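K.L.:
Sequence unavailable; structure follows:
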């Protein structure tokens, strides 16, 4: 399996969030590479895409592959689907080979959870095309977080329940899911077919009772960076001590 870590430098909301020190002298990219290696990924299969050559040494010292990215591919006005297609197309992989798209900005999603996701993907691939099995219906795997909350729109109107005597108990609400950005896995040919990083029949990791707890802050804002630092130190303090 190949891995893509998109790690641009020109983040608009949190300056250089992928590459600035996060904890213990390491940036988010370094932490993510270490988490993936601990989960069983060959470092040589990890492709880190960045537009600044100066970041190469941080990647290569861990055995991963640094790929110099066209700066135009990092601009906010470029369609996300085109970003995905461009990066996937440049990975040296066969059409039927699996590629994991991994965000460095989700440091709380640790190696144990990555390992579980890889195990699930292995089951999906081993049963692909099989008749009447639990796993043969999926063409991709994504991470999600279940949600049962009373949701209002910007006009104060209920979205997933009703006011008055029709107001439901929270446990009876339909379960919705937020898309977490920890990892997406799909075959290379399917990335290119969909021009995206989610297929038409994704397995929702995080939606089943036997999934590990999905811990994911996708860092966009400065306060999220600080919250993630604090939680990372608490959750992974043993790893930091090492």
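P.N.:
On my side now, so go ahead. Not measured: the values here are computed from a predicted model.

K.L.:
What are the contacting residues of the biggest strand by length in the chain?
P.N.:
In the chain, assigned by DSSP state E, the strand with the most residues is strand 176-187. Applying CB atoms under 8 Å, 6 or more residues apart in numbering, the external contacts of strand 176-187 come out as 1, 95-103, 105-106, 109, 113-114, 117-118, 121, 139-148, 151, 160, 194, 197-199, 204, 206-207, 214, 216, 218. In short, each C-beta sits where N, CA and C put it, glycine included.

K.L.:
now swap in stretch 17-31 and tell me
P.N.:
Under CB under 8 Å, 6+ apart, the answer for stretch 17-31 is 5, 7-9, 11, 34, 48, 50, 55, 58-59, 62, 104-105, 107, 219, 225, 228-229, 232-233, 240.

K.L.:
Of those residues, keep whichever come out buried.
P.N.:
5, 7-9, 11, 34, 48, 50, 55, 58-59, 62, 104-105, 107, 219, 225, 228, 232 (16 or more other CB atoms under 10 Å).

K.L.:
List the ones among these that fall in strands.
P.N.:
Reading strands off the buried ones among the contacts of stretch 17-31 with DSSP E, I get 5, 48, 50.

K.L.:
of the residues you listed, closest to residue 41?
P.N.:
Residue 41 has its nearest neighbour among these in residue 5, at 10.8 Å by CB to CB.

K.L.:
measure the nearest residue to that closest one once chain neighbours are set aside to residue 71 for me?
P.N.:
Distances taken as CB to CB, 6 or more residues apart in numbering put residue 48 closest to residue 5, at 4.7 Å, once the chain neighbours are dropped. To residue 71, residue 48 is 16 Å away according to CB to CB, to the nearest Å.

K.L.:
Then residue 95?
P.N.:
28 Å.

K.L.:
try residue 109
P.N.:
28 Å.

K.L.:
One more: residue 124?
P.N.:
Residue 124 is 36 Å from residue 71, by CB to CB.

K.L.:
Can you give me the neighbour number for residue 49?
P.N.:
23 (other CB atoms under 10 Å).

K.L.:
Surely it touches residue 70?
P.N.:
No - using CB atoms under 8 Å, residue 49 is not in contact with residue 70, being 9.4 Å away.

K.L.:
where in this protein is pLDDT low?
P.N.:
128-135, 238-242 (pLDDT under 70).

K.L.:
sec struct for the residue with the largest distance to the centre of it, please.
P.N.:
Taking CA atoms, centre = their mean, the residue of the chain most remote from its mean C-alpha position is residue 165, at 40.6 Å. Secondary structure for residue 165, judged by DSSP: H, G, I helix; E, B strand; the rest coil, is helix.

K.L.:
From residue 171, how far out is it?
P.N.:
18 Å.
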